[in-house]
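Trainee: Sequence and computational prediction follow.
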Amino acid sequence: MKKKVVIIGVDGATPDLLELWMKEGKLPHLQKIKQDGTYGSLESTIPPFSAPAWASIITGCNPGKHGIYGFESTSSLESHLITSSSRKVPALWNYLTSIGLNSIIVNVPNTYPPEKIDGVMITGLLTPSDESNFTYPKTVKDRLTKEDLGIFELEQLWVDDFPRSYMAKYAPERLLNQIIDQMISHVSVTINLMKESDWDLTMVVIRGTDTAQHFLYKRKDLLLSCYQKVDELIGTMVENFSDAVFFVVSDHGFEEIKTILYPDNVLYNAGLLVPKQDLSQNPTSIFDYLVFKIISSILRIIPPKTIKKIKFIKKILFSSSSKQKLIDFSKTKAFSTADGRGIRICRKGRFSEGIVDPDEYNRLCKEIQTLFEKLQHPDTKEHLVEKIYRCDEVYGEKAKDPPDLVIDVKKGVTAAEWIRTPNVLSRWKKTKKRILPVAFSDDSAGRSGDHAKYGVFFAHGNNIKSNVTIKNANVMDVLPTVFATLDLPVPNDVDGKVHDYIFVEKPSLETVDWDKYSPVKQTLSDSEKQKIKKLKDNLKI
C-alpha cells in the first residue's frame with residue numbers, strides 16, 4: 001500500500017496546556033492520538049522563533065545552515081522581510097519533487113513566493129497580500145472561493161497585530177472568533193485539496209494558536225476554546241485520511257510574559273547605539289501611540305479584515321520598521337535584531353556603514369556579553385538573561401550571516417526590538433544622565449504571552465508504536481523521521497536525526513548524497529502538463 005504522511009503544524013502548541021487539557025478529557029482527539037501513538041516535547045531553535053523553527057522543521061537543518069534567523073533578513077542594515085528564496089537549503093517538498101512524489105503544502109510560514117513543486121502550494125505568513133500570486137499552480141488561487149476549494153484567509157505580519165491588540169483588550173471574544181474562522185479556512189481548503197488529488201505528503205500549519213496565546217494568554221477559557229477547535233479540526237483530518245501517518249508538531253511552546261527586555265535600551269545606555277533623533281521625540285513611541293489611537297477609533301466602525309486592506313495603514317506600518325530611519329549607523333557599534341533576541345555588530349567590511357574594526361570585534365562581543373549577563377530586574381533584582389551566546393556556539397562556524405550574539409532570556413522574560421522610552425517622558429527629559437529603563441512590565445504591542453523553548457510532537461498511524469514517549473526530540477528531527485516513515489533515505493547534509501524507536505518495524509536508516517541519489521529534475525510547467533494530457537487523451541493512454 002502506498003505510504004502517505006500528513007504533517008499538521010500547530011503553531012505555538014505548548015506541552016503545559018495540552019497535557020493538562022488532555023488529562024481532563026477536553027481534547028479527546030489529541031488524547032487518542034497520544035494513547036495510540038507517540039508523544040513528547042519538541043525542542044525549538046535558539047531563540048524559539050517561528051521563522052527559524054519552521055525552517056528547521058521543513059529542512060532538518062540548523063538555522064546556521066538554512067540561513068533564517070527571524071522574519072527579517074540579516075544580510076544588511078536595512079529592514080527586508082525574508083522570502084522563500086532566503087532559505088539556503090531544500091525543504092521537504094523540494095526533495096519529494098525531485099523523485100516525483102506529490103505534496104500539498106498549505107499555510108507554512110516563509111513560503112512566499114510559492115515554489116514550483118509536484119503538487120500544490122498555498123503560501124502562509126509573510127505573504128504580502130491577497131493580490132499577490134500566492135499559490136502554485138497559479139490557477140489554484142482562482143479556486144479559493146466558497147463554491148470551490150473554500151475561502152482562504154491570509155494572515156499578514158504586523159498589519160494584523162494592531163487590530164488584534166485592540167480586540168484583545170476590548171473585544172477578546174471577537175478576536176477569538178476571528179482566529180477560529182481563519183483556522184477553519186486553512187484546514188478546510190487543505191482537506192478539499194487532499195480529497196481531489198493524489199498526494200504523498202500533506203503539510204498544513206494552523207497558526208491561530210500562536211495568535212491566541214500572544215494576545216489572550218491570561219484568558220485560559222478562550223485559549224481552551226481555541227485548542228478545542230484545533231482538536232476538532234485534527235480529528236476531522238485523521239477521520240478522513242485514516243490510511244496516512246500523522247505528525248502533529250509545533251515550532252515552540254508558550255509562556256506568560258512578566259518582563260519585557262529592550263536590548264537596544266541596554267546598548268543605548270552603554271553608548272553603543274546612537275539614535276538619529278533626541279529620544280524625547282522618539283518616533284517609535286509617538287508612532288505606536290498615534291496608530292493605536294487611530295485604529296482604536298476605526299475599529300469601532302470598520303471590520304479588521306477591511307482595515308488591513310487599507311493601503312495607507314499598511315504603508316505606515318511597514319515604513320516605520322526601517323532601522324535606517326531610527327539609528328545613526330555612522331556612530332552605532334551594535335543594535336538588536338531578530339525581535340530583540342540577536343545582536344548585530346556594525347563591522348567594517350560587513351556593512352557599508354560599519355564602524356567596528358576587525359581587531360575590536362572580539363573585545364566588543366565580550367563587553368556586550370558582560371552587559372547582558374549582569375542585567376537585573378529593576379524590582380526583584382533577578383537576572384533577566386539566561387545566557388548570551390556567540391553565534392558559532394548556536395549556529396556553527398559556517399553559519400550563513402547570523403546575528404553576532406544570541407540572547408537566551410530567563411523564563412517569563414521576552415525581548416523586543418527598538419528603543420523604548422519611559423512611559424512618562426516628561427520625567428525622563430528632566431534627568432541629566434538620561435538612562436533608559438532596560439525592562440518594562442507592560443508590552444507596548446499588547447501581548448500577554450510569548451514563545452517558550454519546548455513545543456510538542458505527536459506521531460500516529462500505521463507502524464507507529466502506541467503509548468510511547470519521544471525523548472530529546474528537536475525541530476530538526478521532523479524531516480528525517482518523516483523520510484523514514486516514507487521509506488526514503490535521509491539526505492546526508494541534514495542536522496536532525498531519526499527517532500527509529502517510535503516505529504513497530506524499524507525502517508532503513510540509510511543516508512545519501514541526495515543529488516547523487518536523485519538528480520533534481522525540472523517540474524513540468526502547467527502548459528507542458530496540459531500538452532501531455534492532451535496527447536495521452538488522443539492516444540487513449
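Mentor: Received, thanks.
Trainee: Find the least confident helix or strand in the chain, judged by mean pLDDT.
Mentor: Within the chain, judged by mean pLDDT, DSSP states H and E, the helix or strand with the poorest mean is helix 311-319; its value is a mean of 47.
Trainee: Strand partners (parallel or antiparallel) of the next helix-or-strand element following that helix?
Mentor: As assigned by DSSP states H and E, the chain's next helix or strand after helix 311-319 is strand 334-337. Partners of strand 334-337 in the sheet, by DSSP bridges, are strand 342-345 (antiparallel).
Trainee: centre of the chain versus the strand it pairs with, how much separation?
Mentor: Taking C-alpha atoms, centre = their mean, to the nearest Å, the mean C-alpha location of strand 342-345 is offset from the chain mean by 20 Å.
Trainee: What of stretch 138-145?
Mentor: Relative to the centre of its chain, stretch 138-145 is centred 25 Å away, using C-alpha atoms, centre = their mean.
Trainee: Give me the contact list for that stretch.
Mentor: 120, 122, 133, 134, 135, 149, 150, 151, 152, 189, 526 (C-beta atoms under 8 Å, 6 or more residues apart in numbering). Any C-beta I mention is one placed from the backbone N, CA and C, and that applies to glycine too.
Trainee: quick check: mean pLDDT across the longest helix seen in the chain?
Mentor: In the chain, taking DSSP state H as the definition, the longest helix is helix 172-196. Mean per-residue pLDDT for helix 172-196: 96.
Trainee: can you tell me which of the contacts of stretch 138-145 are in strands?
Mentor: Mapping the contacts of stretch 138-145 onto strands (DSSP state E) picks out 120, 122, 135.
Trainee: a markdown table for those, including distance to residue 9, pLDDT and neighbour count?
Mentor: Formatted as a markdown table, the ones in strands among the contacts of stretch 138-145 follow (distance: C-beta to C-beta, whole Å; pLDDT from 0 to 100; neighbours: other C-beta atoms under 10 Å):
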| residue | distance to residue 9 | pLDDT | neighbour count |
| --- | --- | --- | --- |
| 120 | 17 | 98 | 26 |
| 122 | 14 | 98 | 27 |
| 135 | 19 | 98 | 22 |
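Trainee: Let me see the ranges of the strands in the stretch 301-450 of the chain.
Mentor: Assigned by DSSP state E, counting those that start in this stretch, the strands in the stretch 301-450 of the chain fall at 334-337, 342-345, 385-390, 405-409, 413-415, 439-440, 449-452.
Trainee: Of all the ones you listed, which one is nearest residue 379?
Mentor: Nearest to residue 379 among the strands of the stretch 301-450 of the chain is strand 439-440; the distance by C-beta to C-beta comes to 9.1 Å.
Trainee: which residues touch that closest one?
Mentor: For strand 439-440, contacts defined as C-beta under 8 Å, 6+ apart pick out 259, 260, 261, 262, 375, 377, 378, 384, 413, 420, 423.
Trainee: Now do the last one, the pLDDT please.
Mentor: By that I understand residue 423. Taking residue 423 on its own, its pLDDT is 65.
Trainee: picking that back up, by contact count, what packs against the longest helix of the chain?
Mentor: Secondary-structure packing of helix 172-196 (3 or more C-beta pairs under 8 Å, 6 or more residues apart in numbering; DSSP states H and E): strand 103-108, helix 161-170, strand 201-206, helix 208-216, helix 220-240.
Trainee: Could you list the buried residues of that helix?
Mentor: 172, 175-176, 178-180, 182-191, 193-194 (16 or more other C-beta atoms under 10 Å).
Trainee: Same check on stretch 82-93?
Mentor: Result for stretch 82-93 [16+ other C-beta under 10 Å]: buried residues 82, 83, 84, 86, 87, 89, 90, 91, 92, 93.
Trainee: again, but for stretch 25-42
Mentor: 27, 29, 30, 31, 33, 34, 37, 38, 39, 40, 41, 42.
Trainee: which residues of the protein score low on pLDDT?
Mentor: 1, 157-162, 280-324, 423-433, 520-541 (pLDDT under 70).
Trainee: Using the record's domain definitions, break it down for me.
Mentor: 5-256+450-517, 259-275+327-442, 280-319 (automatic domain parsing).
Trainee: Pick the most buried one from those.
Mentor: Among the domains of the chain, domain 5-256+450-517 has the highest mean neighbour count (mean count of other C-beta atoms under 10 Å), at a mean of 20.
Trainee: Helices of the stretch 1-150 of the chain, residue ranges please.
Mentor: In the stretch 1-150 of the chain, the segments counted as helices under DSSP state H, counting those that start in this stretch are 15-23, 28-36, 50-59, 63-66, 92-98, 139-142.
Trainee: looking at the ones you listed, which is closest to residue 346?
Mentor: Going by C-beta to C-beta, the one of the helices of the stretch 1-150 of the chain nearest residue 346 is helix 63-66, 20.8 Å.
Trainee: Format the CA atom coordinates belonging to that closest one as PDB.
Mentor: The C-alpha trace of helix 63-66 is given here as PDB (Å, rounded to 0.1, in the frame of the first residue of the first chain):
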ATOM      1  CA  PRO A  63      19.400  28.000  11.300                       C
ATOM      2  CA  GLY A  64      23.100  28.500  10.600                       C
ATOM      3  CA  LYS A  65      22.700  26.200   7.600                       C
ATOM      4  CA  HIS A  66      19.300  27.200   6.300                       C
END
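Trainee: hmm, who's touching that helix?
Mentor: Residues outside helix 63-66 that contact it (C-beta under 8 Å, 6+ apart): 45, 52, 55-56, 59, 69, 87-89, 391, 394-396, 398-400, 402, 493, 495.
Trainee: And it, how far out from the chain middle?
Mentor: For helix 63-66, the distance to the chain centre is 15 Å (C-alpha atoms, centre = their mean).
Trainee: Kindly reformat the helices and strands packed on helix 172-196 as JSON lines containing distance to residue 452.
Mentor: Formatted as JSON lines, these follow (distance: least, C-beta to C-beta, whole Å):
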{"stretch": "strand 103-108", "distance to residue 452": "21"}
{"stretch": "helix 161-170", "distance to residue 452": "19"}
{"stretch": "strand 201-206", "distance to residue 452": "18"}
{"stretch": "helix 208-216", "distance to residue 452": "10"}
{"stretch": "helix 220-240", "distance to residue 452": "14"}
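Trainee: Select, out of these, the one closest to residue 19.
Mentor: helix 220-240 (11.6 Å).
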